[in-house]
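S.K.: Fold the following, please.
(chains A and B)
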Amino acid sequence: MASIKTSVPKGTRDFSPVEMVKRNYIFDTIKTVFRKYGYQEIQTPSMENLDTLTGKYGDEGDKLIFKILNSGNFLNAARKKDVDFTDENGSAKLTSYISEKALRYDLTVPFARYVVMHQNDIAFPFKRFQVQPVWRADRPQKGRYREFYQCDADVVGSDSLLNEAEFILIYDEALCNLGLTDVTIKINNRKILSGIAEIIGKPELIVDMTVAIDKLDKIGLDGVINELLERGFTASDIEKLKPVILLEGTNEEKIASLKAVLAVSATGLKGIAEIETIFKYLKDLTSQISNLKSQIQLDITLARGLNYYTGAIFEVKANGVSIGSIGGGGRYDDLTGMFGLKGLTGVGISFGADRIYDVMEELQLFPESANETTKVLITNFDAESERYALPLLTQLRSLQIATELYPASAKLKKQMSYADAKQIPFVILIGSEEIQSGKLTLKNMKTGEQQQLDREQLIQKLTD
RNA sequence: GUAGGCAUAGCUCAGUUGGUUAGAGCAUCAGAUUGUGGUUCUGAGGGUCGUGGGUUCGAGCCCCAUUGCUUACCCCA
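M.R.: Below you'll find the predicted structure:
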């Protein structure tokens, strides 16, 4: 048989039955918590119009969008346009002629599109959750895939900071239910970052500033300073930044120092006030913030890349595991503005299900149970026993017992091996003896014991 | 886009300074056992050593190119 080397595109994976059980456990756990907090599920198409997505994720992001080639003779269509095939930078122009659809890059932008499209049917504030795969044309590496699932919850049309506080509770509850108890939920506020850039006198460099100080954990203070210099900050700017970057202590202590540093920045103070309000909500919701399983940490070096965050920024890390963040989110004041609907604020979070899977695997947090699929296998000796077994098969299934009849009269050894490989806990043997006596043999695959039972007893045994 | 590592059976990998017919474990199939799995024993099938070129009497091994995978950087879940 001629064989081709089989593979899947890099950064993508197959999921085996065993893996799917675990994955669904994660999805179900997260979804249950979302619903409990009043979020409703929606889905959007895997592909969006290309122009819905482009320009929303920055230049780097745009490059990582998987574009779908037009059907038909796109080459001729491109020729008719004024594409210069010798131009090194001509591919961007060409793209617009040969591709008009793309795979979704995240769930937030399609959601914004959804809200604008269906604004007349939506009761605001609108709380939705969405669990679907997204695609990024990235270089895969540990914990980074080209196809992965996000579990997003967002609310639009409410500027209350109660939402932010509840998202922290959702993170805490969902991750705790999954067995992830050693987790840090980092929180920051874009307005604090703006305030810092303001007092340095370089508000236009806020993105460069945040990208650089975000790496403190990774490259250390010297690395951050070098990067800041490369990005256009002076030595005296950095002197002003240093105390802020190196801020330490409890959340309360950090807030107190920030208040002093940012005293002249109205924006910065507003950011601090928002954080304080969120903490206050948390306290009232939990009676003690320390009742939460996760550690809540104000971290002003936290600056997720997404350019549209305007208020709170979240990031979630599993401690003791060398994998990037397992979740993130934040507030964006003008979520739908890019699609022409102004003045709608949104705030949301995302769980990275694939990374949570990797972390749980590494920490061995998956429960043993729920692995069994079929509960009973009926063996198949010959045509007569097969015919005898069919009504029983139907009867067991009608009682919601997952049952299968081995579909051929293969050797018993083979049938038993099949049951074993599939971890089926019970096997019913029906041969000429059983048909004659009406007593069927039920074998418990775990203990190996066998019993002769009539139908009533058998069903009794299996429905226990 | 930048830099490193790897590529040998379905899977995980050995393979000596280059030397006869390329091995193991797992998996699969068959038998020991014609009505009994998971343990055991015996046997079998399965390879263009990623691809193309070069050096050599001789290449899985050395050299060049190429493709794929992978790790790190940028960026991100």
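S.K.: What does the closest residue to RNA strand B within the stretch 101-250 of chain A show for phi and psi?
M.R.: Closest contact between the stretch 101-250 of chain A and RNA strand B, by Cβ to the nearest atom of the strand, is at A:Q141 (3.1 Å). Quick note: C-beta positions are derived from backbone N, CA and C, even for glycine. Dihedral pair for A:Q141: phi -160, psi -170, per degrees, to the nearest 10.
S.K.: Is A:V211 in contact with A:R304, as I believe?
M.R.: No: with contact defined as Cβ atoms under 8 Å, A:V211 and A:R304 do not form a contacting pair (10.2 Å).
S.K.: Who has more neighbours out of these two?
M.R.: Neighbours were counted for A:V211 and for A:R304 using other Cβ atoms under 10 Å; A:R304 has more, 18 against 14.
S.K.: helix/strand/coil for that one?
M.R.: coil (DSSP: H, G, I helix; E, B strand; the rest coil).
S.K.: Now do stretch A:435-452: everything it contacts.
M.R.: With Cβ atoms under 8 Å, 6 or more residues apart in numbering as the test, stretch A:435-452 has contacts from A:384-385, A:388, A:392, A:419-420, A:424-430, A:434, A:453-455, A:458, A:461-462.
S.K.: got it, and stretch A:117-136?
M.R.: Stretch A:117-136 has contacts (Cβ under 8 Å, 6+ apart) with A:27, A:30-31, A:34-35, A:37-44, A:46, A:64-66, A:103-107, A:111, A:115, A:146-158, A:341, A:344, A:353.
S.K.: quick one: average confidence on that stretch?
M.R.: Averaged across stretch A:117-136, the pLDDT comes to 96.
S.K.: hmm, that stretch touching RNA strand B?
M.R.: Yes: under the criterion of Cβ under 7 Å from any atom of the strand, RNA strand B is reached by stretch A:117-136 at A:R136.
S.K.: Can I get that stretch in PDB, CA atoms only?
M.R.: Output in PDB follows, covering the C-alpha atoms of stretch A:117-136 (Å, rounded to 0.1, in the frame of the first residue of the first chain):
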ATOM      1  CA  MET A 117     -24.700  43.900  14.200                       C
ATOM      2  CA  HIS A 118     -27.400  42.800  16.700                       C
ATOM      3  CA  GLN A 119     -27.600  46.000  18.800                       C
ATOM      4  CA  ASN A 120     -31.300  46.200  18.400                       C
ATOM      5  CA  ASP A 121     -31.900  42.800  19.700                       C
ATOM      6  CA  ILE A 122     -29.600  43.000  22.700                       C
ATOM      7  CA  ALA A 123     -30.700  44.000  26.200                       C
ATOM      8  CA  PHE A 124     -27.800  45.900  27.800                       C
ATOM      9  CA  PRO A 125     -25.800  45.400  29.800                       C
ATOM     10  CA  PHE A 126     -25.100  42.300  27.700                       C
ATOM     11  CA  LYS A 127     -23.200  39.500  29.400                       C
ATOM     12  CA  ARG A 128     -22.000  36.900  27.000                       C
ATOM     13  CA  PHE A 129     -19.600  34.000  27.100                       C
ATOM     14  CA  GLN A 130     -18.000  32.200  24.200                       C
ATOM     15  CA  VAL A 131     -15.900  29.100  24.000                       C
ATOM     16  CA  GLN A 132     -14.400  28.500  20.600                       C
ATOM     17  CA  PRO A 133     -11.100  28.000  18.900                       C
ATOM     18  CA  VAL A 134      -9.000  30.900  17.500                       C
ATOM     19  CA  TRP A 135      -6.100  30.800  15.100                       C
ATOM     20  CA  ARG A 136      -2.800  32.600  15.000                       C
END
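S.K.: so how far is the strand or helix carrying A:I349 from its chain's centroid?
M.R.: A:I349 is part of strand A:346-352, with elements assigned from DSSP states H and E. Relative to its chain's centre, strand A:346-352 lies at 9 Å (Cα atoms, centre = their mean, to the nearest Å).
S.K.: Return the list of helices and strands in contact with that strand.
M.R.: helix A:108-117, strand A:147-156, helix A:162-177, strand A:312-318, strand A:327-332 (3 or more Cβ pairs under 8 Å, 6 or more residues apart in numbering; DSSP states H and E).
S.K.: and A:V8, what does it touch?
M.R.: A:D14.
S.K.: quick revisit: average model confidence for the strand holding A:I349?
M.R.: In the prediction, strand A:346-352 has an average pLDDT of 95.
S.K.: With stretch A:38-54 instead?
M.R.: Stretch A:38-54 comes out at a mean pLDDT of 95.
S.K.: Now tell me what touches that stretch from outside.
M.R.: Stretch A:38-54 has contacts (Cβ under 8 Å, 6+ apart) with A:31, A:34-35, A:62, A:65, A:67-68, A:96, A:99-105, A:107, A:109-111, A:113-114, A:127-133, A:153, A:155, A:339.
S.K.: How far does that stretch stretch from one end to the other?
M.R.: End-to-end span of stretch A:38-54 (Cα to Cα, to the nearest Å): 31 Å.
S.K.: could you dump the helices and strands packed on strand A:346-352 to CSV with mean neighbour count?
M.R.: As requested, these are exported to CSV (neighbours: other Cβ atoms under 10 Å):
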stretch, mean neighbour count
helix A:108-117, 21
strand A:147-156, 23
helix A:162-177, 22
strand A:312-318, 24
strand A:327-332, 26
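S.K.: returning to what we had before: using ChimeraX, define a selection of the buried residues within the contacts of stretch A:435-452.
M.R.: This is the ChimeraX syntax for the buried subset of the contacts of stretch A:435-452, where burial follows 16 or more other Cβ atoms under 10 Å:
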select /A:385,388,392,419,424,425,426,427,428,429,430,434,453,458,462
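S.K.: which element follows the strand holding A:I349 toward the C-terminus?
M.R.: Using DSSP H and E, the helix or strand that follows strand A:346-352 in sequence is helix A:353-362.
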